[in-house]
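> return a 3D structure for these sequence lines:
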Amino acid sequence: MNAPKLKIAIIKRIIEIDDLELLKSLEGLFNTSDKNISKFLELANEKLQQENANETEDFTAYIKEWVKNM
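Alright, predicted model coming up:
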């Protein structure tokens, strides 16, 4: 996706937000420097990746019980 299309997509998402507190938070984020925004997004992305890694299910107990019942 090129920059103009990405900007339009971001603007559309922002327009859909009705939560005033979230909009104020976004305003605060946009009022900071690009360096701070970059750092914030990097940390948020790392947290999201960690959450996704933690969502894997552990089927070990299920498999052990299944094998035991065979």
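> SS state for the residue nearest to the spatial centre of the chain?
The residue lying closest to the centre of the chain (C-alpha atoms, centre = their mean) is residue 48, at 4.8 Å. Secondary structure for residue 48, judged by DSSP: H, G, I helix; E, B strand; the rest coil, is helix.
> how far away is it from residue 41?
To residue 41, residue 48 is 10 Å away according to C-beta to C-beta, to the nearest Å. To be clear about C-beta, it is placed using only N, CA and C from the backbone, and glycine gets the same treatment.
> could you do residue 13 as well?
Applying C-beta to C-beta to residue 13 and residue 41 gives a distance of 14 Å.
> and for residue 33?
13 Å.
> which of those two has more residues huddled nearby?
Neighbours of residue 33 and residue 41, each counted by other C-beta atoms under 10 Å, are more numerous for residue 41; the result is 11 against 8.
> is the more buried one in a helix, a strand, or coil?
helix.
> per-domain residue ranges of this protein.
With domains defined by automatic domain parsing, the chain comprises 1-31, 33-70.
> any chance of those domains in JSON lines, with mean pLDDT too?
Output for those, formatted as JSON lines (pLDDT from 0 to 100):
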{"stretch": "domain 1-31", "mean pLDDT": "90"}
{"stretch": "domain 33-70", "mean pLDDT": "78"}
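> what segments of this protein are strands?
Using DSSP state E, no strands are found in the chain.
> can you pull out the helices in it?
Secondary structure of the chain by DSSP state H: the helices cover 3-15, 20-30, 34-54, 60-68.
> next, the buried residues of the second one.
Read that as helix 20-30. When burial is assessed from 16 or more other C-beta atoms under 10 Å, helix 20-30 yields no buried residues.
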